[in-house]
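> Sequence below, structure please.
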Amino acid sequence: MHNDKNIAVIGCGYWGKNLVRNYHELGALALVCDSDSELLGAIQETYPGIEVSNNPRDAFEHGQVSGVVIATPAGTHYGLAKAALEAGKHVYVEKPLVLDADEGRELIELAQQRGLVLMVGHLLQYHPAFIKLKEIIQAGELGRIHYIYSNRLNLGKFRREENILWSFAPHDISMILTLAGEPPCKVTATGGYYLHQEIADVTTTHLEFPSGLMAHIFVSWLHPFKEQKLIVVGDAKMAVFNDTLPWDEKLSLYPHKINWQNHLPLAEKADAEMVPLQQTEPLRCECEHFLSCITTGEQPLTDGQEGLTVLEVLNASQASLDRKRTNGNGAPLPPAANAEQQTDYFLHPTAVLDEGARVGSGSKIWHFSHVLKGSQVGEDCNVGQNVVIGPEVSIGRGCKIQNNVSVYKGVTLEDEVFCGPSMVFTNVINPRAGIRRMDELLPTLIKTGASLGANCTIVCGHDVGRYAMVGAGAVVTKDVKDHALVVGNPAKQIGWICACGERLDPKMQCRACGKKYREAEEGLVERE
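You can find the predicted model right below:
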């Protein structure tokens with residue numbers, strides 16, 4: 001029994017009521033919030049003396065509450081979790097963590113800055129059968145794992161705020177990623193839309209891992225009976241976690257063997273071995289874990305980072321699902337746009353990534369953009385609408401390329417380069433439509449931190465220095481020094497610019513950040 005009533009639960013509907021029950025039984029429940037007064041009335045009848053409120057802000061401002069539990073629709077998770085963390089509260093949020101990976105990263109960083117717990121409700125991580133299965137695999141009892149698959153099937157409960165992938169698959173993704181011990185390198189998904197043309201009722205997701213392990217996840221709410229199975233196939237034994245069976249049958253091992261005779265594999269079957277388990281409600285274990293993390297400061301088993309990894313796989317699955325559906329509904333996409341979505345970057349369904357082109361982790365390629373063969377886009381880049389990159393172009397880490405920009409062959413962007421809307425690169429000095437001059441390309445190098453304003457033009461064969469700034473509409477016809485500020489046609493230097501983007505005063509000092517510079521051959525360098 002928990003001594004302090006320090007938990008507020010926001011959302012007491014279909015699943016939230018189970019959280020309310022467990023925290024009340026643990027003696028930790030202080031407040032329940034929900035917009036539905038009828039639900040709150042039922043809570044008061046069931047748990048007399050518990051405070052209730054229609055306003056979640058009461059949870060954030062409650063002096064006794066140190067932990068906030070969020071069990072509301074997924075679209076509200078980010079706003080509620082952020083408000084709770086900013087109020088100094090530890091946060092448990094039901095799956096999925098949020099819907100947008102950038103929002104997930106923001107919450108993780110905020111929790112770390114404030115020294116607060118951020119935990120995600122991946123319930124099956126706390127199931128005694130899964131905990132035991134992990135121990136068996138880590139001990140090597142199954143041998144080398146070949147593949148994993150899961151079925152999570154039922155008739156209903158149908159939803160309109162999310163499809164079956166987001167409703168059922170997060171738990172299975174969480175378990176599979178834990179057993180794999182690595183993120184997947186490729187994710188593909190396909191689905192069926194039977195009850196609603198926009199909401200998938202059945203999906204199958206296929207994961208491929210760098211180690212060679214493969215896994216797939218089959219989820220459906222159009223199934224004649226309930227089935228919840230996780231099957232792990234190793235070269236020594238096979239394991240089945242069947243959560244619909246009684247406790248003494250939930251986890252079983254099959255010591256089947258594959259023998260070879262005359263170069264042919266022959267199966268040698270063996271009887272199942274039942275694994276004894278301690279019968280405990282997984283949700284109660286999960287709630288106790290959150291309380292323990294609040295008290296001790298330990299990192300949750302399913303922390304924000306684990307939740308973010310699951311979210312990235314969900315987003316990759318959804319992107320793959322959307323592309324296949326669009327292609328199958330009579331609106332063909334270019335073949336490259338149907339390439340399998342990797343988990344570590346975003347490719348809009350209308351964007352095209354040629355075979356052999358590479359996009360770094362965390363980057364986003366938006367509507368109608370095209371990355372041509374041989375090109376490389378670094379990590380954490382943002383490529384806007386109607387952008388063409390390549391062929392054989394190198395773009396560094398953290399670059400932002402705004403709408404309607406073409407980065408031609410011969411152009412190189414180093415790290416954190418900003419290309420404003422509709423700015424122009426050239427690569428041939430004297431082009432003619434009827435004369436091929438691709439062997440006369442003049443290279444252009446845009447160095448780290450440089451900013452190129454909207455509608456400016458960089459004539460080929462010139463370098464733009466580190467942290468330089470080219471004004472909107474300027475035409476660059478010669479090299480630009482490090483930290484130089486240039487404007488006009490042709491572009492002329494009118495001053496110096498700090499790495500933070502503010503203009504320097506006559507003493508070469510930035511009044512915004514305080515950095516001091518001195519002139520050098522290549523432009524400015526920072527003074528110590």
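> Report the beta-bridge partners for residue 388.
When bridges are called by DSSP bridges, residue 388 pairs up with residue 370, residue 406.
> Is it in contact with residue 365, as I believe?
No: Residue 388 is beyond contact range of residue 365, at 11.3 Å (criterion: CB atoms under 8 Å). Glycine gets a C-beta too; all of them are placed from N, C-alpha and C.
> longest strand in the chain, by residue count?
Taking DSSP state E as the criterion, the chain has its longest strand at strand 222-234.
> Of residue 388 and residue 365, which one has the most company?
residue 365 (27 against 20; other CB atoms under 10 Å).
> isn't that one right up against residue 350?
No: with contact defined as CB under 8 Å, residue 365 does not reach residue 350; the gap is 9.8 Å.
> distance between stretch 149-161 and the chain's centre?
22 Å (CA atoms, centre = their mean, to the nearest Å).
> Pull out the buried positions in that stretch.
149, 150, 151, 152, 153, 154, 159 (16 or more other CB atoms under 10 Å).
> Show me the strands in the stretch 201-350 of the chain, by range?
All strands of the stretch 201-350 of the chain, identified by DSSP state E, counting those that start in this stretch, fall at 202-208, 214-220, 222-234, 238-242, 251-254, 257-261, 264-268, 273-274, 346-347.
> Pipe the ones you listed into CSV and attach mean neighbour count and mean pLDDT per row.
Shown next, in CSV, are the strands of the stretch 201-350 of the chain (neighbours: other CB atoms under 10 Å; pLDDT from 0 to 100):
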stretch, mean neighbour count, mean pLDDT
strand 202-208, 22, 94
strand 214-220, 22, 96
strand 222-234, 17, 94
strand 238-242, 21, 96
strand 251-254, 20, 96
strand 257-261, 9, 77
strand 264-268, 8, 80
strand 273-274, 12, 94
strand 346-347, 23, 90
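> What segments of this structure are helices?
16-25, 37-46, 57-61, 77-86, 101-114, 128-138, 164-180, 282-296, 304-328 (DSSP state H).
> and of these, who's closest to residue 456?
Nearest of the helices of the chain to residue 456, taken as CB to CB: helix 101-114 at 28.3 Å.
> Report the rounded mean pLDDT for that closest one.
Averaging pLDDT along helix 101-114 yields 94.
> now stretch 459-476
Stretch 459-476 comes out at a mean pLDDT of 96.
> May I see the buried residues of that stretch?
Going by 16+ other CB under 10 Å, stretch 459-476 has these buried residues: 459-471, 473-476.
> ditto for stretch 373-388
So, applying 16+ other CB under 10 Å, buried residues of stretch 373-388: 374-385, 387-388.
> Using CSV, write down the CA coordinates of it.
Output of stretch 373-388 as CSV, limited to C-alpha atoms (Å, rounded to 0.1, in the frame of the first residue of the first chain):
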residue,chain,number,x,y,z
LYS,A,373,20.1,8.8,-57.6
GLY,A,374,23.5,9.0,-55.9
SER,A,375,22.5,11.9,-53.6
GLN,A,376,23.0,12.0,-49.9
VAL,A,377,20.9,14.0,-47.4
GLY,A,378,22.4,14.1,-43.9
GLU,A,379,20.7,13.7,-40.5
ASP,A,380,18.0,16.0,-39.2
CYS,A,381,17.4,17.9,-42.5
ASN,A,382,14.1,19.5,-43.5
VAL,A,383,13.4,19.5,-47.2
GLY,A,384,10.4,21.5,-48.1
GLN,A,385,7.8,21.2,-51.0
ASN,A,386,8.8,20.9,-54.6
VAL,A,387,12.5,20.5,-54.0
VAL,A,388,14.8,18.7,-56.4
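> Quick one: mean pLDDT over that stretch.
The model assigns stretch 373-388 a mean pLDDT of 94.
> Switch the strands of the stretch 201-350 of the chain over to TSV; also include distance to residue 89.
As requested, the strands of the stretch 201-350 of the chain are arranged in TSV below (distance: least, CB to CB, whole Å):
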stretch	distance to residue 89
strand 202-208	34
strand 214-220	33
strand 222-234	33
strand 238-242	34
strand 251-254	36
strand 257-261	53
strand 264-268	55
strand 273-274	43
strand 346-347	31
